[in-house]
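K.L.:
here are the coordinates; sequence isn't available:
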Ligand SMILES: Nc1ncnc2c1ncn2[C@@H]1O[C@H](COP(=O)(O)OP(=O)(O)OP(=O)(O)O)[C@@H](O)[C@H]1O
């Protein structure tokens, strides 16, 4: 029997905090998720000193939830809003090609809350409800378009189940870690790049769940020498799983961009992704429609293979910004496969990406 989320929330809402209020009154429980026999949530507090006083509250919540029928595991993370960004640590260093001695995918270390990453002004997650809608393609092209617009851009490929950024951005080789502590990112087309895929051994399949995944995300965010960036784009795995949760708990994410194709089924999944970010209290910056129309390279006829305008209509329904449509074009796939994103060129698709980049810059998130 699966655990009822509302019943579980009720179970802890009258726990009394050191300041005399109950958990329910203080309204500090965030991202409360029941996943099989596991319950995960975040306790959001004003700062690290308050977090330290909440040890008994956390222990009592854990005790009560574990006493409920059907609950096996309770994961509680305390977070405090990130303070002002610390001073930048200087320019990123190029990879020397030496093999890192780091072990990726360790258990997470204790952390008070979403940590600022030194030198990174803004973090934008790129998500989708389902796979194959072009999320990774949009992320790589947007990264290049932002770099062409003069922004200092990082790209973290967190799509652990199918990391494709190394191929799309044309980078390979294991990133170096000369001191075994810090990881040197790679660089291409003006973008600083790191992919979990680059840290895995050839042919290694990933079966991380929960804590190991959280540890790996923490390492990618905090142990990579990102240098000074205006924006770090994060290519998420499709769907609504542990990586999304870890990211929003570990890093101060400015917002999420959702990529969808216009078909109804894709839109259904996109809605789930929007709901998940809402639950995680991560602002949804807007929706992008990929594979919006097809322009025949021979006759110039424009066809709407998957329908058209569905994503814009959905954005309007949800009162979210519609950030733009991107055409289905053979060149986009060929460019992605060759490691030179199409937004490096001058054609209509490159212009569409330049507009998307301008929009994010204008909105102050890139
Ligand atoms: N606008 C487009 N025109 C033509 N091909 C495209 C376009 N967008 C994406 N593709 C192609 O579709 C395929 C899937 O794209 P991509 O890998 O970016 O999707 P994804 O949503 O990141 O999928 P997953 O999360 O499953 O990896 C790729 O071969 C890519 O080149």
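P.N.:
Thanks, I have it. Only a predicted model underlies this, so the values are computations on that prediction, with no experimental measurement involved.

K.L.:
each with direction, which strands does the strand or helix carrying residue 291 pair with?
P.N.:
Using DSSP states H and E, residue 291 sits within strand 284-295. Using DSSP bridges, strand 284-295 pairs in its sheet with strand 255-260 (parallel), strand 302-303 (antiparallel), strand 322-328 (parallel).

K.L.:
in the stretch 51-200 of the chain, what residue spans correspond to helices?
P.N.:
Per DSSP state H, counting those that start in this stretch, the stretch 51-200 of the chain carries helices over the ranges 55-66, 135-148, 165-169, 196-199.

K.L.:
comparing those helices, which yields the minimum mean pLDDT?
P.N.:
Among the helices of the stretch 51-200 of the chain, helix 196-199 has the lowest mean pLDDT, at a mean of 80.

K.L.:
what is that helix packed up against?
P.N.:
The contact analysis (3 or more C-beta pairs under 8 Å, 6 or more residues apart in numbering; DSSP states H and E) places helix 196-199 against helix 165-169. Heads up, the C-betas are built off the backbone N, CA and C, glycines and all.

K.L.:
what comes up buried for stretch 276-285?
P.N.:
276, 277, 280, 282, 284, 285 (16 or more other C-beta atoms under 10 Å).

K.L.:
what's the answer for stretch 58-75, then?
P.N.:
58, 61, 62, 64, 65, 71, 74, 75.

K.L.:
and what of stretch 167-178?
P.N.:
Of the residues in stretch 167-178, 167, 168, 169, 170, 171, 174, 175, 176, 177 count as buried by neighbour count, 16+ other C-beta under 10 Å.

K.L.:
give me the neighbour count for residue 14.
P.N.:
11 (other C-beta atoms under 10 Å).

K.L.:
quick one: it and residue 22 touch, right?
P.N.:
Yes: counting by C-beta atoms under 8 Å, residue 14 does reach residue 22; the two are 5.0 Å apart.

K.L.:
the ligand contacts on the stretch 151-300 of the chain?
P.N.:
159, 162, 164, 238, 290, 291 (C-beta under 6 Å from any ligand atom).

K.L.:
any idea which of these is least confident?
P.N.:
For those, the pLDDT minimum is residue 162, 75.

K.L.:
contacts only, for that one.
P.N.:
In this structure, residue 162 makes contact with 131, 237, judged by C-beta atoms under 8 Å, 6 or more residues apart in numbering.

K.L.:
now swap in residue 163 and tell me
P.N.:
Contacts of residue 163 by C-beta under 8 Å, 6+ apart are 157, 195, 196, 197, 198.

K.L.:
separation between the nearest residue to it once chain neighbours are set aside and residue 5?
P.N.:
Distances taken as C-beta to C-beta, 6 or more residues apart in numbering put residue 197 closest to residue 163, at 2.8 Å, once the chain neighbours are dropped. Using C-beta to C-beta, to the nearest Å, residue 197 is found at 34 Å from residue 5.

K.L.:
CSV for the residues of the stretch 151-300 of the chain next to the ligand, including distance to residue 335?
P.N.:
Shown next, in CSV, are these (distance: C-beta to C-beta, whole Å):
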residue, distance to residue 335
159, 19
162, 19
164, 13
238, 21
290, 14
291, 15
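
K.L.:
hmm, which of these are the buried ones?
P.N.:
159, 164, 238, 290, 291.

K.L.:
host element of the closest residue to the first one other than its chain neighbours?
P.N.:
What it means is residue 159. In space, and not counting its chain neighbours, residue 159 is closest to residue 237: 4.7 Å by C-beta to C-beta, 6+ apart. Using DSSP H and E, residue 237 sits in no helix or strand.

K.L.:
from what I can see residue 237 touches residue 160, true?
P.N.:
Yes: using C-beta under 8 Å, residue 237 makes contact with residue 160 at a distance of 6.0 Å.

K.L.:
overlap in contacts, the two.
P.N.:
residue 243.

K.L.:
what comes into contact with the one helix or strand residue 349 maps to?
P.N.:
Assigned by DSSP H and E, residue 349 falls within helix 348-362. Contact with helix 348-362 is made by 124, 141-142, 144-146, 148-149, 151, 231, 257, 285, 288, 295, 323-327, 329, 331-332, 342-344, 366, as judged by C-beta under 8 Å, 6+ apart.

K.L.:
just the buried residues out of those, in PyMOL syntax.
P.N.:
Buried residues among the contacts of helix 348-362 (16+ other C-beta under 10 Å), as a PyMOL selection:
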select buried, resi 124+141+142+144+145+146+148+149+151+231+257+285+288+323+324+325+326+327+329+332+342+343+344+366
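
K.L.:
what sits against the residue nearest the centre of the chain?
P.N.:
For the chain, residue 125 is the residue whose C-alpha lies nearest the centre (C-alpha atoms, centre = their mean; 3.7 Å). Neighbouring residues of residue 125 by C-beta under 8 Å, 6+ apart: 233, 234, 236, 244, 247, 248, 253, 255, 256, 257, 282.

K.L.:
give me the beta-bridge partners of the closest residue to residue 301 other than its chain neighbours?
P.N.:
What sits nearest to residue 301 in space, not counting adjacent residues and going by C-beta to C-beta, 6+ apart, is residue 295, at 7.4 Å. In this entry, residue 295 is beta-bridged to residue 302, by DSSP bridges.

K.L.:
what segments of the stretch 151-300 of the chain are strands?
P.N.:
Per DSSP state E, counting those that start in this stretch, the stretch 151-300 of the chain carries strands over the ranges 153-157, 186-188, 191-195, 231-235, 255-260, 284-295.

K.L.:
quick one: the residue of the chain positioned farthest from its centre from residue 199, how far?
P.N.:
Distance from the C-alpha centroid of the chain, by C-alpha atoms, centre = their mean, peaks at residue 299 (39.2 Å). Counting by C-beta to C-beta, the separation of residue 299 from residue 199 is 46 Å.

K.L.:
having no further points to raise, I will conclude here.
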